[in-house]
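1. show me the folded form of this:
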Amino acid sequence: MRKFAASALMALSLGLGFAAVAGTAPASAQGIVITPNGVRVYPGDAGYDRYDRRWRRNVDQRDAIFIARRNGVERVRSVSRNRGDWVVVGTARRGPGNLRVRIDDRSGRVISVTRVVR
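-> Residues are numbered from 1 along each chain as shown. All right, here's what the predicted structure looks like:
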């Protein structure tokens, strides 16, 4: 009887231990993100984009280069700011010539992508 009680107590403690560990795992997948708009809970899902910068007022030069590279520019030759939009010129990843990418200063939206062949 004593051996049975000891084994039952051991099984109960192991079961509760596993339940405690398994119960805290999903809660640790969440986090807190602090933005200029306030504090919010990071959901922990794959669709969350931590590089989403919609809260920023304007796109800076580094962001303009990043956006241009996503749109086919391999090596950036020049970056200029003209009347509320960025103009990035660089060599094209595919095909001959250069690409000229115009990016909206406030939203980061690509206005146009034109190929400049010399």
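2. name the residues of whichever helix or strand T91 is part of that come out as buried.
-> Using DSSP states H and E, T91 maps to strand 85-92. Within strand 85-92, the residues that qualify as buried are D85, W86, V87, V88, V89, G90, A92, counting by 16 or more other CB atoms under 10 Å. For every residue, glycine as well, the C-beta is placed using N, CA and C.
3. could you name the helices and strands sitting against the strand or helix carrying R77?
-> Secondary structure from DSSP H and E places R77 in strand 73-82. Judged by 3 or more CB pairs under 8 Å, 6 or more residues apart in numbering; DSSP states H and E, the packing partners of strand 73-82 are helix 61-70, strand 85-92, strand 98-104.
4. before we move on, the earlier item: reformat the buried residues of strand 85-92 as JSON lines; add pLDDT and distance to E74.
-> Below are the buried residues of strand 85-92 laid out as JSON lines (pLDDT from 0 to 100; distance: CB to CB, whole Å):
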{"residue": "D85", "pLDDT": "92", "distance to E74": "21"}
{"residue": "W86", "pLDDT": "94", "distance to E74": "17"}
{"residue": "V87", "pLDDT": "95", "distance to E74": "17"}
{"residue": "V88", "pLDDT": "95", "distance to E74": "12"}
{"residue": "V89", "pLDDT": "95", "distance to E74": "12"}
{"residue": "G90", "pLDDT": "94", "distance to E74": "7"}
{"residue": "A92", "pLDDT": "91", "distance to E74": "7"}
